[in-house]
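Enquirer: pasting the sequence and the predicted coordinates here, then a few questions.
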Amino acid sequence: MGDKYYVAKRPPMGWNSWDCYGASVTEEILLGNAQYMAENLERFGWEYIICDIQWYEPLADSHEYHKFTELEMDEHSRLIPAVNRFPSSAGGKGFKPIADKIHDMGLKFGIHIMRGIPRQAVHRNTPILGTDATARQIAHPASICLWNTDMYGVDAKAEGAQEYYNSLFKMYAEWGVDYVKVDDIARVDCGPDAPGAGFSEIELIKNAIENCGREMVLSLSPGPARVDQKDFLLTNANMWRMTDDFWDKWEHLYGMFERCHAWQGIGCKDHWPDCDMLPLGHLCVCNNENGKQGHYTHFTHDEQKILMTLWCIFRSPLMFGGEMRDNDEFTKSLLTNEKLLNMHKNGRKARQVERKDDVVAWKSISKDEKIYIAIFNISDSKRKYKLKLKDFGLPKSKKYDAIEIWTNVSETLENGKRFELAPHTVVCYEIEASEMLK
């Protein structure tokens, strides 16, 4: 976010514990998935291990929350890891031992937090580090989360509010945190309509990060964030959600095409609109579903290719949601497709070229002189598509050597080429811009 460095030069890539473990993630799970990433995915650009919601809740056991339950908290109104779930945090060590192990694997570590201050801190009127103000004096009791009871909002204009967030992020910096996902904030706290009467908790958080002594990615959730607030988001965050929680449902994936079109051209170095999680692989492991532990993604193989192609050509952050240690070969292939990931890493000026009868075409140009053309059929019927090279900025008199990135098959693309696409399928081509056939 500062002018001197970029903490998210490219859209971050990693794993988040929410889709597979909800609030029940443990130390063993974090380190086990980190080991898998280090051994199988790190060389492809995957690097973040994110511990999602309620790591401070001793009884957390699913995707459901225990209302008004006791949370682990230090003497300065700050939530700390539950020792029964994260044994290495005992003795005030916090997440530092886990972060150190993850860093030793060559990876980065992140956490999820809820905006605001713990309700139990407000009820007990506990002190805040660095100020004479107390929890009760900075709380905004009318600003609450509608789906989680852990926190009250912070009154951003109150004396002591900035000091509270400073104390949080100083602690996170001491732990070695590289990434913070702040929840219940992206759609309620952007700009002059925020609960803090014109100065938002997002700005407090940004200030705290810039003064904590450690570089951290700031991710805002959930969405949908509003496109008309893009300037505020570009100024104050590295990532922000374009959608509410994204799950393995076709209607969610279908709707993402409209959202990506609305946000196209806004993402840039250090600032990325976020399509949310990749609900792939083994999900909801913490839940008993018909006598089984969770389920594998409900998306078909072709729908998973659609998801990965859209996220990568649009350049969304990539946060895998499944239990990585249970990945099958197909799931692993989605995460290690080098041409796909090159489009994500090096793509520029991505845009929707056309949408007609639920056939959607996108284009991206990479800085390493490659052109990407993706054609999606998101209808429930077969569709035909006629390629018009001029729509993709290519001379229509030329022919192009191309490789379809999912099959790795070479083809010749020329003006007027016709495609017949089965329902819920995609083709995506990589073209070397310097190679043209006569």
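Expert: Sure thing, it's come through.
Enquirer: can you count the residues close to C51?
Expert: 28 (other CB atoms under 10 Å). Just so you know, the C-beta spots here come from the backbone N, C-alpha and C atoms, and that holds for glycine as well.
Enquirer: tell me the pLDDT of E27.
Expert: You'll see E27 listed with a pLDDT of 98.
Enquirer: hmm, I was thinking of T300
Expert: pLDDT at T300 comes out at 98.
Enquirer: quick one: contacts for it?
Expert: With contact set as CB atoms under 8 Å, 6 or more residues apart in numbering, T300 has these partners: H424.
Enquirer: roughly how far does it sit from K356?
Expert: 23 Å (CB to CB, to the nearest Å).
Enquirer: likewise K399?
Expert: 24 Å.
Enquirer: what about those two, which has more around it?
Expert: Using other CB under 10 Å, the more surrounded residue of K399 and K356 is K399, with 14 against 9.
Enquirer: got the domain boundaries for the protein?
Expert: As recorded under automatic domain parsing, the domains making up the chain are 13-336, 351-437.
Enquirer: now these as TSV including distance to K345?
Expert: Formatted as TSV, the domains of the chain follow (distance: least, CB to CB, whole Å):
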stretch	distance to K345
domain 13-336	6
domain 351-437	8
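Enquirer: could you count how many residues lie near E201?
Expert: Count around E201 with other CB under 10 Å applied: 25.
Enquirer: quick check: it touching I185?
Expert: Yes. Judged on CB atoms under 8 Å, E201 makes contact with I185 at a distance of 6.4 Å.
Enquirer: can you show me the strands along the stretch 1-150 of the chain?
Expert: Counting by DSSP state E, counting those that start in this stretch, the stretch 1-150 of the chain has strands at residues 13-16, 48-51, 108-114, 117-118, 139-144.
Enquirer: please apply the same query to the stretch 251-400 of the chain.
Expert: Here the stretch 251-400 of the chain has its strands, by DSSP E, counting those that start in this stretch, at 272-274, 282-289, 292-296, 318-320, 347-356, 359-366, 370-377, 383-386, 399-404.
Enquirer: what pairs with the first one, parallel or antiparallel?
Expert: What that stands for is strand 272-274. Applying DSSP bridges, strand 272-274 is found paired with strand 239-241 (parallel).
Enquirer: who touches the partner strand?
Expert: 8, 11-12, 186-187, 217-225, 233, 271-274, 276, 317.
Enquirer: mark which of these are buried, thanks.
Expert: Using 16 or more other CB atoms under 10 Å as the burial test, the contacts of strand 239-241 include 8, 11-12, 186-187, 217-223, 225, 233, 271-274, 276, 317 as buried.
Enquirer: show me those residues that map onto helices.
Expert: Applying DSSP state H to the buried ones among the contacts of strand 239-241, the entries found in helices are L233.
Enquirer: mean pLDDT and distance to L421 added to the strands of the stretch 1-150 of the chain, as a markdown table?
Expert: Shown next, in a markdown table, are the strands of the stretch 1-150 of the chain (pLDDT from 0 to 100; distance: least, CB to CB, whole Å):
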| stretch | mean pLDDT | distance to L421 |
| --- | --- | --- |
| strand 13-16 | 98 | 28 |
| strand 48-51 | 98 | 34 |
| strand 108-114 | 98 | 38 |
| strand 117-118 | 98 | 51 |
| strand 139-144 | 93 | 47 |
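Enquirer: deepest of the ones you listed, which one?
Expert: Most buried of the strands of the stretch 1-150 of the chain, by mean neighbour count (mean count of other CB atoms under 10 Å): strand 48-51, with a mean of 27.
Enquirer: how far away from the center of its chain is it?
Expert: Computed by CA atoms, centre = their mean, to the nearest Å, the chain-centroid distance of strand 48-51 equals 10 Å.
Enquirer: for that strand, name the packing helices and strands.
Expert: strand 13-16, helix 27-40, strand 108-114, strand 179-183 (3 or more CB pairs under 8 Å, 6 or more residues apart in numbering; DSSP states H and E).
Enquirer: tell me the confidence at the nearest residue to Y372 once chain neighbours are set aside?
Expert: Spatial nearest neighbour of Y372, chain neighbours left out: S364 (4.4 Å); criterion: CB to CB, 6 or more residues apart in numbering. Looking at S364, its pLDDT stands at 97.
Enquirer: kindly report the same for N236.
Expert: On pLDDT, N236 comes in at 94.
Enquirer: same check on A197?
Expert: pLDDT, A197: 38.
Enquirer: could you do the one 10 residues further on as well?
Expert: The predicted local distance difference test score for N207 is 96.
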